[in-house]
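J.: model this:
(one chain, ligands or ions: 1)
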Amino acid sequence: MTDHPPTIDPARHALFLDFDGTLAPIVARPEDARMPPQTRATLGALARRMDGAVAIVSGRALADLEPLLDGLDVALSGSHGHEIRMPGEETGEVPPLAEPLRAALGHLESLARSQNLRLEVKPGAITLHYRGMPHLEDMVRDEVRETAEAHAGLKPMHGNMVSEVVLDGVGKGAALRTFLSHAPFAGRRPVMIGDDVTDEDGFRAAHALGGFGIKIGVAETEAAFRLGDVPALADWLSALATRSPG
Ligand SMILES: O=P(O)(O)OC[C@H]1O[C@H](O[C@H]2O[C@H](CO)[C@@H](O)[C@H](O)[C@H]2O)[C@H](O)[C@@H](O)[C@@H]1O
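T.: Take a look at the predicted model:
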């Protein structure tokens, strides 16, 4: 269940990578997260080698994620699968906040103000950050769960020092299924790589669709394979990009 991942075949697999805690180390402030330049170069090389079958599948809004990628042209999913951008596609306008989220916004804004929590509003989710204030975790999770229950079309999602209300039906698994129904992903075996609880849905989908998951870090997981940390993944990707064919 926790073995080092096998080598994958660039002609037959597709890569789906989470961003924070996977490609970029976790930092205190989301705007300070950076993917190392070498990883960005490796992903560019891999995308060419895999005929574009590489996607970053993030909980972040696309408008927030894209500037962190330094022009890397790969497929992207944002807001936990709510937003999708195929490789080479122009970035469209930021989608408006979906209706059920609009209804929940006021309450979450007041909560964030009163508890001094960072609030992140994305097209498909509203996120409360409590990094640096772990004693608030239970309260934040309860509030998010109750807010989701109070509004049809929303569900709670809890991640690494964050708790979010997200649109029902979204998730990284749904993002994988969407990508795999289009070229250049169709017909390939998905490999989902991530560090957080929110990536487990992607691991399950990858497994169900004939591929597998790779967990970054030591936490419990349904992924079949594991790598220790962000640098270990960078090394694994680099070996894949530079391996001679055949
Ligand atoms: O699915 P991901 O790409 O991993 O996005 C998950 C969340 O990432 C960001 O928050 C996380 O990373 C921050 C920077 O390292 C960290 O400060 C925070 O505690 C983490 O939860 C992002 O801000 C969220 O919107 C994403 O949902």
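J.: what residues sit buried inside stretch 117-135?
T.: For stretch 117-135, the neighbour count (16 or more other CB atoms under 10 Å) marks 117, 120, 122-130 as buried. Where C-beta positions appear, they are placed from N, C-alpha and C, glycine not excepted.
J.: ok, stretch 144-163 next?
T.: So for stretch 144-163, counting by 16+ other CB under 10 Å, buried means 144, 147-148, 151, 154-163.
J.: which of the residues you listed lies closest to residue 209?
T.: Relative to residue 209, the closest of those is residue 157; by CB to CB it sits at 21.5 Å.
J.: the buried residues of stretch 144-163 in strands, which ones?
T.: Under the assignment DSSP state E, the buried residues of stretch 144-163 contribute 154-159, 162-163 to strands.
J.: what about the nearest residue to residue 145 once chain neighbours are set aside, distance to residue 15?
T.: Distances taken as CB to CB, 6 or more residues apart in numbering place residue 156 nearest to residue 145, at 4.6 Å, with adjacent residues excluded. As judged by CB to CB, to the nearest Å, residue 156 and residue 15 stand 29 Å apart.
J.: of the buried residues of stretch 117-135, list those near the ligand.
T.: Filtering these for proximity to the ligand by CB under 6 Å from any ligand atom leaves 120, 127, 129.
J.: now the second one: which helix or strand?
T.: With the criterion set as DSSP states H and E, the secondary-structure element containing residue 127 is strand 125-129.
J.: do stretch 18-37 and the ligand meet at all?
T.: Yes. Shown here: stretch 18-37 in contact with the ligand (CB under 6 Å from any ligand atom) through 18-21, 26-28, 30, 33.
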